[in-house]
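K.L.:
After the sequence you'll find the predicted model.
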Amino acid sequence: MTKFRWVICALLFFATTVNYLDRQVLSLTWKDFIALDFHWNDNDYGNITAIFSIFYAFISLFAGKFIDWMGTKKGYIWAIVIWSFGACLHAACGWATMALTGIDNIEALRAVEKGSQIALMVSSTSVWLFLACRIILATGEAGNFPAAIKVTAEYFPKKDRAYATSIFNAGASVGALAAPLTIPLLAESMGWEMAFIIIGAIGFVWAGLWLFLYTSPSKSKYVNSEELAYIDSDKGETVEAKTDKKEPKMSLLDCFKYRQTWAFIVGKLMTDGVWWFFLFWAPAYFSELGYPSSSGMGQALIFVLYLIVTVVSIFGGYLPKLFVEKMGMNPYAGRMRAMLIFAFLPVFAMFAQPLASTSVWWPCIIIGLAGAGHQAWSANLYSTIGDMFPKSAIATITGIGTMFGGLCSFAINKGSGKLFTYAESLGEEFQFFGVTGKPAGYMMVFCYCAVAYLLAWCIMKILVPKYKLIEL
């Protein structure tokens, strides 16, 4: 048997790594580099991440349908080229801000008096320019997961899909892991603009590899008959039956008729914002504790955090495989049991802020475990789509769920920016669970992160208590 399916999985892994690297450039440069140029505060950054999230959510509703319509090969190419272009375009925001505000050089930009009218004009102009770039980035990145989940369903039988998904989904953690080791160094030595250009350009290299290597399993010259039979082993389909079979299409509105769709929506709606909060705000949080991303300690904290996420989350995809093979459970039941186990890891997030006064490594480890719980949860959640929906609808359902996950991300990021700015302005007067000031704001968000997964699991179990395949 050939093993080309794992080559495809590796390509998905690298695409997801690039996807998250491109997202992380802003979060690792805004506080210590970009904010110095444009006089941003937490609310400005919160607005940018929130608009990115809401636009990502809106585009995701149609991105999955676009992938199902365009096909995996062409759809994925379009997605990564658009987001890579958007990532590189961020580098032009400084030049455009100076051109629009009439400021000649970067030194004059930084020397603008804080709180003055010109400082307000600089910050608002730059925020709008960055928002335009983030919208282009979001448009392309919305296609990544619908395409990747569809490819996984094409190349892997059900019992292996959660494991394959956990591997490529670990690209999110590896991207976040590599980011603090590379992006601050690039920004420090070459300027934050070059960090966007260099990281963004990697996507164009991946597009060339995808164009050369990918085709459907039945048409691939790298997949022999034994591997194809293994890929199709769920239903005992022959190669001929598989290639001749054409599944009926499911319209976007029809998708909402099924409880299985709503179970997936709930899983994404209640939990995606937690991951995006950690992704966008963890560098700023450690900076608040005295360890900016430009420092060696700040980079070490982010590295260890995502190292924990990466190692633990890959096991999260293998766990349901054990339940299926060793305990004879059906794939859906095995995934739900695994998701319940990993829903308990984020509970520790409520202790991150109280323990920060003891050592900064405590919130680092705790957020790492919570993030690992999310990634393991997410890998299994994505795989439930392939368990219950026909392959012709997988990208569409993924896009729908991702849209609702983006709505949660918008709410958390927008709310966090406003909350932290408000809490900081009140100082000791703002209290929550014995914590005061801005740390109390972080404490409030951490508490939501702690309970979100268990609540989501309970609602999903009520909606779809047992495995039920949707047949068109």
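P.N.:
Thanks, I have it.

K.L.:
Could you list the buried residues of stretch 224-235?
P.N.:
Glu227, Leu228, Tyr230, Ile231, Asp232 (16 or more other CB atoms under 10 Å). C-betas here are computed from N, CA, C, even on glycine.

K.L.:
how about low-confidence regions in the stretch 101-250 of the chain?
P.N.:
235-248 (pLDDT under 70).

K.L.:
I'd like the buried residues of stretch 224-235 as a markdown table, with secondary structure and distance to Tyr291 appended.
P.N.:
Shown next, in a markdown table, are the buried residues of stretch 224-235 (DSSP: H, G, I helix; E, B strand; the rest coil; distance: CB to CB, whole Å):
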| residue | secondary structure | distance to Tyr291 |
| --- | --- | --- |
| Glu227 | helix | 48 |
| Leu228 | helix | 51 |
| Tyr230 | helix | 48 |
| Ile231 | helix | 47 |
| Asp232 | coil | 51 |
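
K.L.:
okay if I get these as TSV plus distance to Ala111?
P.N.:
As requested, the buried residues of stretch 224-235 are arranged in TSV below (distance: CB to CB, whole Å):
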residue	distance to Ala111
Glu227	63
Leu228	65
Tyr230	65
Ile231	62
Asp232	66
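
K.L.:
any idea which of these is closest to Thr29?
P.N.:
For those, the residue nearest Thr29 by CB to CB is Ile231; the value is 42.1 Å.

K.L.:
contacting residues for the closest one?
P.N.:
By CB atoms under 8 Å, 6 or more residues apart in numbering, the contact list for Ile231 reads Arg5, Glu154, Tyr155, Phe156, Pro157, Pro217, Val223.

K.L.:
Looks like the last one contacts Trp6 (just checking).
P.N.:
No - using CB atoms under 8 Å, Val223 is not in contact with Trp6, being 11.3 Å away.

K.L.:
Between these two, point out the one with more neighbours.
P.N.:
Val223 (23 against 14; other CB atoms under 10 Å).

K.L.:
buried ones in stretch 106-122?
P.N.:
Using 16+ other CB under 10 Å as the test for burial, stretch 106-122 gives Leu109, Val112, Met121, Val122.

K.L.:
how far does that stretch stretch from start to finish?
P.N.:
End-to-end distance of stretch 106-122 (CA to CA, to the nearest Å): 12 Å.

K.L.:
can you list contacts of that stretch?
P.N.:
So stretch 106-122 is contacted by Leu36, Asp37, Phe38, His39, Gly94, Thr97, Met98, Thr101, Ile103 (CB under 8 Å, 6+ apart).

K.L.:
Report the buried members of these.
P.N.:
Asp37, Phe38, His39, Gly94, Thr97, Met98, Thr101, Ile103.

K.L.:
Might one say that the second one is in contact with Leu129?
P.N.:
No - using CB under 8 Å, Phe38 is not in contact with Leu129; the gap is 9.3 Å.

K.L.:
Could you pull out the residues contacting both of the two?
P.N.:
Thr97.

K.L.:
Narrow the buried ones among the contacts of stretch 106-122 to those in helices?
P.N.:
Asp37, Phe38, Gly94, Thr97, Met98, Thr101 (DSSP state H).

K.L.:
Can you tell me which of those residues comes closest to Ile199?
P.N.:
Within those, the smallest distance to Ile199 is 16.5 Å, found for Gly94 (CB to CB).

K.L.:
check contacts around that closest one.
P.N.:
Neighbours of Gly94 in contact, by CB under 8 Å, 6+ apart: Asp37, Ile106, Leu109, Ser126, Glu193.

K.L.:
rerun at 10 Å
P.N.:
Taking CB atoms under 10 Å, 6 or more residues apart in numbering as the contact definition, Gly94 lies against Ile34, Asp37, Phe38, Ile106, Leu109, Ser126, Leu129, Gly191, Trp192, Glu193.

K.L.:
Just give the nearest non-adjacent residue to the third one, would you?
P.N.:
Distances taken as CB to CB, 6 or more residues apart in numbering place Ser126 nearest to Phe38, at 3.9 Å, with adjacent residues excluded.

K.L.:
Next, give phi and psi for that neighbour.
P.N.:
phi -70, psi -40 (degrees, to the nearest 10).

K.L.:
Could you dump the buried residues of stretch 106-122 into TSV with distance to Phe303 and secondary structure added?
P.N.:
Shown next, in TSV, are the buried residues of stretch 106-122 (distance: CB to CB, whole Å; DSSP: H, G, I helix; E, B strand; the rest coil):
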residue	distance to Phe303	secondary structure
Leu109	32	helix
Val112	34	coil
Met121	38	helix
Val122	33	helix
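
K.L.:
Do you have the strands of the protein handy? List them.
P.N.:
431-432, 435-436 (DSSP state E).
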